[in-house]
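>>> Quick check, what structure comes out for this input:
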Amino acid sequence: MSENSIDSSAPVQIQLISFGFKHSKTPHANLVLDVRFLDNPYWVEGLRPLTGLDKPVQDYVLTQELAQKALDNLVGLIECALPAVIAGKSNKLVVAIGCTGGQHRSTAIVEGLFKRLQKDFPGYEVIKKHSNLDVAEMKA
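A predicted model of the protein is given here:
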């Protein structure tokens with residue numbers, strides 16, 4: 001079975017990947033969002049050593065009005081794209097979120113999106129991966 005062939009016994013999967021533009025190429029994905037337009041926690045001394053997995057960084061990033069608008073629009077785009085992906089004989093939608101280093105903004109956005117998708121798309125398997133952090137792939 002090819003990578004894009006659908007396995008009707010497998011659940012439809014939404015994969016979320018955070019990455020840093022300065023560390024790697026853009027991952028192969030159906031949707032890619034560059035979140036370098038958000039305020040960067042790197043420039044806040046107390047947040048610099050943390051990651052988007054840490055609550056203070058998530059609070060800093062996800063409480064930005066622009067971040068909430070981006071998440072709302074991204075959820076809507078995913079909702080629109082899923083039927084096309086499934087109709088195209090694939091059971092996987094990959095969403096890559098990038099920022100400069102992949103440590104703060106993209107990771108926090110993936111964390112926030114992961115929680116939203118778990119709530120809004122309960123029939124789908126949601127997986128998150130942080131390419132530039134030393135953490136394992138996580139499933140919902």
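>>> hey, let's count contacts and neighbours off CA atoms from now on
Noted.
>>> for the protein, what are the low-confidence residue spans?
When residues are selected by pLDDT under 70, those of the chain lie in 1-9, 135-140.
>>> the strands in it, which residues?
13-20, 31-34, 92-99, 125-130, 138-139 (DSSP state E).
>>> Given the second one, what are its sheet partners and their directions?
Spelled out, that is strand 31-34. Strand pairing for strand 31-34, determined by DSSP bridges: strand 92-99 (parallel).
>>> who touches the partner strand?
Around strand 92-99, the neighbours that count as contacts under Cα atoms under 8 Å, 6 or more residues apart in numbering are 4, 12-21, 26-36, 82, 85-86, 105-107, 109-110.
>>> Need the buried ones from these selected in ChimeraX.
The buried residues among the contacts of strand 92-99 can be selected in ChimeraX (16 or more other Cα atoms under 10 Å) with this line:
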select :12,13,14,15,16,17,18,19,20,21,26,27,31,32,34,35,82,85,86,105,106,107,109,110
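>>> can you redo the strands of the chain as CSV with distance to residue 46?
Supplementary listing: those in CSV, determined by distance: least, Cα to Cα, whole Å:
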stretch, distance to residue 46
strand 13-20, 21
strand 31-34, 24
strand 92-99, 19
strand 125-130, 22
strand 138-139, 27
